[in-house]
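Asker: Below are the sequence and a predicted model; questions follow.
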Amino acid sequence: QVQLVESGGGLVQAGGSLRLSCAASERTFSMYAMGWSRQAPGKERELVAAISWRDESTHYADSVKGRFTISRDNAKYMVYLQMNSLKLEDTAVYYCAPRLYGRNWPPVSQGDFGSGGQGTQVTVFS
């Protein structure tokens, strides 16, 4: 099982940037597509970005496209989410997780991914 630790969240003014990091504990990390999802209070968890493991193809939810960038470093077992032009509605707990189900690309369901680590809180204020 891949163990994951998310970090990098915090308070940021609208329009600002944050870079989230996700550290994985196992070599098998490099065989999984990875995703970042988020969950705001009272809302369901949604997949915001994903990156494949073979050719590092990326996929973004429409709500973050053009503002967020997902990347990975398989040698360091790390996944990153660069978030720019943050909006109030980006406030949520962010999780990274491996894709455990499905082979089609892009992934369309948060349900394809594991639950992730403890998450990291991102709060955007005006």
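Answerer: Here it is on my side, so go on.
Asker: all strands for this structure, in order.
Answerer: 4-7, 10-13, 18-24, 34-39, 46-51, 58-60, 68-73, 78-83, 92-98, 120-125 (DSSP state E).
Asker: Paired strands for the first one, with orientation please.
Answerer: Taking DSSP bridges as the criterion, strand 4-7 sits next to strand 18-24 (antiparallel) in its sheet.
Asker: Could you list the residues in contact with the strand it pairs with?
Answerer: Strand 18-24 is contacted by residues 2-10, 12, 34, 36, 77-83, 86, 94, 96, 98, 117, 120, 122 when judged by C-beta atoms under 8 Å, 6 or more residues apart in numbering. Glycine gets a C-beta too; all of them are placed from N, C-alpha and C.
Asker: Try it again at 6 Å.
Answerer: For strand 18-24, the surrounding residues in contact (C-beta atoms under 6 Å, 6 or more residues apart in numbering) are 2, 4-8, 12, 77-83, 94, 96.
Asker: Pick out the one among those residues with the largest number of neighbours.
Answerer: The most neighbours of any of those, using other C-beta atoms under 10 Å, belong to Cys96, which has 30 neighbours.
Asker: these two touch, right, that one and Ala33?
Answerer: No: assessed by C-beta atoms under 6 Å, Cys96 is found out of contact with Ala33, at 11.4 Å.
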